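Peer 1: Sequence and computational prediction follow.
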Amino acid sequence: MNLKYLPCSVLIASILFATFMRAEENPMDDPDLQQLLKQAQEMQKNSGSADGRKKLAELEAMAKQEAAQQDQEEKEEKEKLQAALKKQLDAPGPVTFPAWMPVTPEFKPAGKPAKKVVDDEVKIVQTGTSPLTPEKIADNWQAAATEANNLNQSLNKMNVNGKITRILFLSTRTDPRQEVELEASREPDSKITQVEISSPLPKPDVATE
């Protein structure tokens, strides 16, 4: 982007954006930001003078430095997270769902439960099929959760172009918190329901990796 051709107000907003992103909860109380705003106001008054152009160059350099620092920090955090996830993924031990998870009626598994990285977290995942409808499978899970009387539950219902999907989330009400997700879907005119069951493992402590 060629900054010198931008309107002054747009340019100032672009320059200060990185500082806003890195400021405290109340960014207007940040002294560095206050100083930048003061400089920006002066720059507006003197944008055509040599002093104004000098201040503009300084603000541009500061904004680029802030953006580069933020990009570097984000990159390092992502690398730490990926390393922690791989360590958790490769860790030995049994791969099992929580003992309280409801039984899926007439479930035919496609394989054993396995650990997978999904959306920046490690989950235990198992897929399979059932001749029962998604509604019936979800109803069965909900009934078991209600009977247990110690689980939170949330059901999403989707019907798109004849495809029926039910996604049910169950979680414990006490620590350590455990979660299980059921996704059951059936295509139009099909007699088989595709089932995926997943449970996230505790998030790794990235700071210690």
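Peer 2: Noted; the coordinates are in hand.
Peer 1: Please state the offset of the longest helix along the chain from the chain centre?
Peer 2: Looking across the chain with DSSP state H, the single longest helix is helix 50-90. With C-alpha atoms, centre = their mean, to the nearest Å as the basis, helix 50-90 stands 20 Å off its chain's centre.
Peer 1: Point out the other helices and strands that it packs with.
Peer 2: Applying 3 or more C-beta pairs under 8 Å, 6 or more residues apart in numbering; DSSP states H and E, one finds that helix 50-90 contacts helix 8-22, helix 31-45, strand 114-117, strand 122-130. From N, CA and C alone the C-beta is placed, and that goes for glycine too.
Peer 1: Where among the ones you listed is average confidence lowest?
Peer 2: Ranked by mean pLDDT, these bottom out at helix 8-22, which scores a mean of 53.
Peer 1: pull the helix or strand with minimum mean pLDDT from this protein.
Peer 2: Each helix and strand of the chain was given a mean pLDDT (mean pLDDT, DSSP states H and E); the minimum falls on helix 8-22 at a mean of 53.
Peer 1: Now the residue nearest to the spatial centre of the chain: phi and psi?
Peer 2: When C-alpha atoms, centre = their mean is applied to the chain, the residue found nearest the centroid is Asp119 (6.5 Å). Dihedral pair for Asp119: phi 50, psi 50, per degrees, to the nearest 10.
Peer 1: On the pLDDT front, check it for me.
Peer 2: For Asp119, pLDDT reads 83.
Peer 1: What separation is there between it and Lys163?
Peer 2: According to C-beta to C-beta, to the nearest Å, Asp119 and Lys163 sit 22 Å apart.
Peer 1: Equivalent analysis for Val206, please.
Peer 2: Noted for Val206: a distance of 38 Å to Lys163, by C-beta to C-beta.
Peer 1: Please apply the same query to Arg177.
Peer 2: Distance, Arg177 to Lys163, using C-beta to C-beta: 32 Å.
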